[in-house]
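**Q** whatever this is, show me its structure:
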Amino acid sequence: ALGTPRTGVTVAIDRAEVPLALPILLVAAATAAVCGFTLVVLLGDRYLSTVGTADYTRLSVGVLVLLVGISFAFAGAFGVGVFAVSGVLGLFPPRVGTRRVHLMGVLIGPLIAG
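**A** As a prediction, this is how the structure comes out:
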């Protein structure tokens, strides 16, 4: 409205085209943070003792199956193929003695172009 005072923050939010639901998103993020903190305080030690005794082979296979399932659910067989190729490519840097973090620059070009 014409008579509504506008501050720098409201002008910036308006120009940035931030969704009108921003307050709801902020409350949701704050709630998630409080819940996460509470869960860590209440369950942290039990979680660490459970993970410490877990069979890492079974855990790794379970996570792999879950990721393949999620890839298939969102992108079908193509997504599973991309996941498999990326997994194989992820094994390459240690084989040639390169740290993965040094190869992150290789991803910047396609990400910028994409």
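**Q** and R46, how far from G52?
**A** Computed as C-beta to C-beta, to the nearest Å, the R46 to G52 distance reads 11 Å. For glycine as for every other residue, the C-beta is placed from the backbone atoms N, C-alpha and C.
**Q** correction: the previous question concerned L91.
**A** L91 sits 26 Å away from G52, going by C-beta to C-beta.
**Q** list the buried ones in the lengthiest helix in the chain?
**A** The single longest helix within the chain, with elements called by DSSP state H, is helix 56-95. Residues of helix 56-95 classed as buried: 71, 80, 83 (neighbour count, 16 or more other C-beta atoms under 10 Å).
**Q** what count of nearby residues applies to V34?
**A** Residues within reach of V34, counting by other C-beta atoms under 10 Å, total 10.
**Q** going forward, begin numbering at 46 instead of 1
**A** In the new numbering, first residue 46, that becomes V79.
**Q** could you check the angle the helix or strand hosting it makes with helix 101-140?
**A** Taking DSSP states H and E as the criterion, V79 maps to helix 67-97. Orientation of helix 67-97 against helix 101-140 (axes from the mean of the first three to the mean of the last three C-alpha atoms, to 10 degrees) gives an angle of 100 degrees.
**Q** having no further points to raise, I will conclude here.
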